[in-house]
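Enquirer: Model the following, please.
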Amino acid sequence: MKASEFMSANVVCCNQNQTVEEAAKIMIENNFSVIPVIDDEKNLVGILTQSDFVGKEANIPHALAS
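Expert: Modelled structure (predicted):
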């Protein structure tokens, strides 16, 4: 099987200039545990995961910190 058979075509992303609070909100609103991070040209520059927030001093919703 190919990855294209499992991938999401309409990907929800956050921009690298958004705050971690904004990224966490997008993740919660969409029930995601992972979100791609893109630059202004829509190039993938990284990935934020739910576990990236654990133990960090960021003002993120409690639901992600569990």
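
Enquirer: which residues does the residue nearest the centre of the chain bridge with?
Expert: By C-alpha atoms, centre = their mean, the chain has its centre lying nearest to Ile35, at 2.2 Å. Following DSSP bridges, Ile35 is listed with bridge partners Leu48.

Enquirer: wait, what's in contact with it?
Expert: Ile35 is in contact with Val12, Cys13, Cys14, Ala23, Ile26, Met27, Ile47, Leu48, counting by C-beta atoms under 8 Å, 6 or more residues apart in numbering. Where C-beta positions appear, they are placed from N, C-alpha and C, glycine not excepted.

Enquirer: The fifth one contacts Cys14, correct?
Expert: Pointing back at Ile26 there. Yes. Assessed by C-beta atoms under 8 Å, Ile26 is found in contact with Cys14 at 5.5 Å.

Enquirer: Serialize the contacts of Ile35 to TSV and add fields for secondary structure.
Expert: Output for those, formatted as TSV (DSSP: H, G, I helix; E, B strand; the rest coil):
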residue	secondary structure
Val12	coil
Cys13	coil
Cys14	strand
Ala23	helix
Ile26	helix
Met27	helix
Ile47	strand
Leu48	strand
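
Enquirer: May I see the ChimeraX selection of the buried members of those residues?
Expert: Selection command for ChimeraX covering only the buried members of the contacts of Ile35, criterion 16 or more other C-beta atoms under 10 Å:
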select :13,14,23,26,27,48
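
Enquirer: Which of the three states applies to Val37?
Expert: strand.

Enquirer: Name the nearest residue to it, ignoring sequence neighbours.
Expert: Nearest non-adjacent residue to Val37, counting by C-beta to C-beta, 6 or more residues apart in numbering: Gly46, 4.2 Å away.

Enquirer: so how many other residues sit close to Met7?
Expert: 8 (other C-beta atoms under 10 Å).

Enquirer: can you pull the contacts of it?
Expert: Counting by C-beta under 8 Å, 6+ apart, Met7 has no contacts.
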